[in-house]
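Colleague: dropping the sequence and predicted coords here.
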Amino acid sequence: ADLGAERALLVADVHAGIEVGLRYERGVELDSRADERRERLCALVAETDADRLVVLGDLAHRIAAPEGDEREELVELIRAVTDRVPMTLVEGNHDAGVAEAFADDLDVIGAGGGVLGDSVAVCHGHTWPDPALLDADVVCMGHEHPQVRLEDAVGGSRVERAWLRGVLDPAAFVEDGGNEGDGPDPSELVVFPAFNERSGGTWVNVEGQSFLAPFLPAALPSGDAYLLDGTRLGDYRRV
């Protein structure tokens with residue numbers, strides 16, 4: 001994202017410590033990919049020559065305050081990033097205690113979201129956003145973990161993480177529907193795929209799947225899905 005004074009790398013839903021959470025919540029034992037996540041994130045910062053990393057919520061996985069192995073992963077990840085660039089966290093529903101625990105290391109934007117620079121708004125998406133976000137040219141959000149289920153002619157299928165992009169319906173985006181933004185043109189909404197490939201998600205092209213954000217899918221009445229490599233799949237509901 002070009003923020004005028006600086007360039008930022010935006011990612012969503014890192015879910016650090018997910019293996020700890022899966023062990024605690026479901027009794028599932030998986031080898032930790034903490035080192036891989038940290039190295040991939042730092043490599044993206046270097047590749048994009050970013051001046052700042054912005055995490056669109058759910059930096060951590062467990063909803064409780066981080067402790068044990070999860071906290072250790074967060075300490076190492078935040079240190080590795082902030083040794084390179086400043087880091088901003090937009091609070092998500094899994095970030096209880098993270099902002100407080102790492103207050104000296106992170107810039108924090110509250111759950112209602114905020115505007116970076118002059119034209120890029122950010123939020124996580126688990127709650128109704130601040131109506132002021134509608135004044136931005138583009139709104140970037142996480143939380144949904146969008147995925148598409150792809151089938152071939154013989155019945156084989158696979159699930160892929162995806163981006164969603166389209167024109168935002170302002171009346172559906174804010175809780176009271178009363179603020180349609182001050183700009184001459186409607187904002188674009190970009191729903192980010194989860195950075196963590198183990199975190200599951202919403203199959204946006206499968207009938208009956210429930211969206212997580214309170215304003216979706218109504219706030220994105222039409223839009224395209226893109227694979228991680230940028231392949232455009234067309235209308236996300238008809239893929």
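Modeller: That came in fine, so what should we check first?

Colleague: so what's the closest residue to Leu116 other than its chain neighbours up against?
Modeller: In this structure, Leu116 finds its nearest non-sequential neighbour in Leu3, 5.1 Å apart by CB to CB, 6 or more residues apart in numbering. Yep, even glycine has a C-beta here, placed from its N, CA and C like the rest. Leu3 sits next to Arg52, Leu116, Gly117, Asp118, Val120 when contact means CB atoms under 8 Å, 6 or more residues apart in numbering.

Colleague: so how far is Leu30 from the residue lying farthest from the centre of the chain?
Modeller: Going by CA atoms, centre = their mean, the residue of the chain most distant from its centre is Val154, 33.6 Å out. Distance, Val154 to Leu30, using CB to CB, to the nearest Å: 31 Å.

Colleague: same question for Asp224.
Modeller: Here Asp224 is placed at a distance of 33 Å from Leu30 (CB to CB).

Colleague: who's more crowded, those two?
Modeller: Ranked by neighbour count (other CB atoms under 10 Å), Asp224 and Leu30 place Asp224 first, with 15 against 11.

Colleague: report the contact partners of that one.
Modeller: Leu164, Arg165, Gly166, Arg232, Leu233, Gly234, Asp235, Tyr236.

Colleague: list only buried entries from these.
Modeller: When the contacts of Asp224 are checked for burial by 16 or more other CB atoms under 10 Å, the buried set is Leu164, Arg165, Gly166, Leu233, Tyr236.

Colleague: excluding chain neighbours, what is closest to the second one?
Modeller: Setting aside the residues directly before and after it, Arg165 is nearest to Val190 in space (CB to CB, 6+ apart), at 5.2 Å.
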